[in-house]
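Colleague: Here's a sequence, model it:
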Amino acid sequence: MAIGNPIKRIRRKPKANRSRLRRPINVVASVLTTFGLYCGIASIFASINVEFEKAAYWIIGAMVFDILDGTVARLTKSTSDFGKELDSLCDLVSFGVSPAVLIYAAYMQEEQLTGELLRNTGAMMAIIFVICGALRLARYNVFQSTRRDYFTGLPIPAAAGTIASFELFTHYLEINVVFWVLGPLTLGLAFLMVSTVLYPKDRFKAYLLGPAHAFQFLALGAIAIAIFHYAIQYHPSIVLLPIGATYVLWGIGYDIYLRARRLAKKPVETQQATGKPATVKS
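Modeller: Residues are numbered from 1 along each chain as shown. The predicted model follows:
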């Protein structure tokens, strides 16, 4: 019985390994992701140079590239493990580290409280934001990347965009509310990132783009054009901050709505299971 040459069998393994290494990579999407990383690094440099408005705009620019690379990957139907890993690493820098540096630098520029307490508080806020952002990305990649209807927890680009738009808004109004507002806002966004609050994903897109809601979508488009015109005349932060706040609050409101529905169903389910009317304690 011929067993075959064992040397040939040994030589086939490297070929299989090379084929696994040569997995397809979406070059266009990866380039857009890299541009988003560049925006995050530029935002860090701007924060170090105490150019907070420029740093905030760089974060928003990273959000634009994050949307573009995902759109290109979906349109070309060429998502890859390389692209997912690159996107997560770039997101941690652009939407985790760069907002954290902006937060810390903003604390350091507070006019009145410039002592050791404020410095340590700013560092603590920045550290918490980055850690929660990293946990959010890791949880999404391992457990939730295939879910198409909702995000579990506030997406880290939305959290970073809210920080950036808030900084632009305070810079436009020339007010210093870092210690009393930015701190609680940072903690709230960090908590929402690691929470189980649901935020819209593809289901929201399908609802807006569905044929039954075409007129509503056109009406929203007209409103968006009016808002864009208003933002150009005055300042983008007047529009960006309400949009970011609306998205953040939408998830909280939707979570409260789901909890209320579950509480309302419990007496009915208890009555159906026991055959007795549910008693309500006064």
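
Colleague: buried ones in the lengthiest helix in the chain?
Modeller: Determined from DSSP state H, the single longest helix within the chain is helix 237-274. By neighbour count on 16 or more other CB atoms under 10 Å, the buried set for helix 237-274 is 237, 238, 239, 240, 241, 243, 244, 247, 248, 251, 255. All C-beta spots, glycine's among them, are computed from the backbone N, C-alpha and C.

Colleague: Mind giving me the packing neighbours of it?
Modeller: helix 156-173, helix 183-194, strand 198-200, helix 214-233 (3 or more CB pairs under 8 Å, 6 or more residues apart in numbering; DSSP states H and E).

Colleague: which outside residues touch the third one?
Modeller: Contacts of strand 198-200 from elsewhere in the structure, counted by CB atoms under 8 Å, 6 or more residues apart in numbering, are 150-155, 158, 247, 250-251, 254-255, 258.

Colleague: pLDDT (mean, whole number) over that strand?
Modeller: Mean per-residue pLDDT for strand 198-200: 85.

Colleague: mind listing what that strand pairs with, with the direction of each?
Modeller: In the sheet, strand 198-200 lines up against strand 150-152 (antiparallel) (DSSP bridges).

Colleague: so is the nearest residue to residue 26 once chain neighbours are set aside in a helix, a strand, or just coil?
Modeller: Closest residue in space to residue 26, ignoring its immediate chain neighbours: residue 78 at 4.5 Å, by CB to CB, 6 or more residues apart in numbering. Using DSSP: H, G, I helix; E, B strand; the rest coil, the secondary structure recorded for residue 78 is coil.

Colleague: Report how many residues lie close to residue 78.
Modeller: If you count neighbours by other CB atoms under 10 Å, residue 78 ends up with 15.

Colleague: surely it meets residue 30?
Modeller: No. Look at residue 78 against residue 30 with CB atoms under 8 Å: they stay out of range, at 10.5 Å.

Colleague: Please name the residues that touch residue 239.
Modeller: Residues counted as contacts of residue 239 (CB under 8 Å, 6+ apart) are 227, 228, 230, 231.

Colleague: State the pair within those that is farthest apart.
Modeller: Using CB to CB, the contacts of residue 239 reach their maximum pairwise distance at 228 and 230, which is 7.3 Å.

Colleague: Quick check: buried residues in stretch 166-175?
Modeller: Residues 166, 167, 168, 169, 170 are the ones in stretch 166-175 that count as buried (16+ other CB under 10 Å).

Colleague: For the longest helix of the chain, what is the distance to the chain centroid?
Modeller: Offset of helix 237-274 from its chain centre (CA atoms, centre = their mean, to the nearest Å): 20 Å.

Colleague: swap in stretch 184-191?
Modeller: Relative to its parent chain, stretch 184-191 has a centroid offset of 13 Å by CA atoms, centre = their mean.

Colleague: That's all I had, so thanks and see you.
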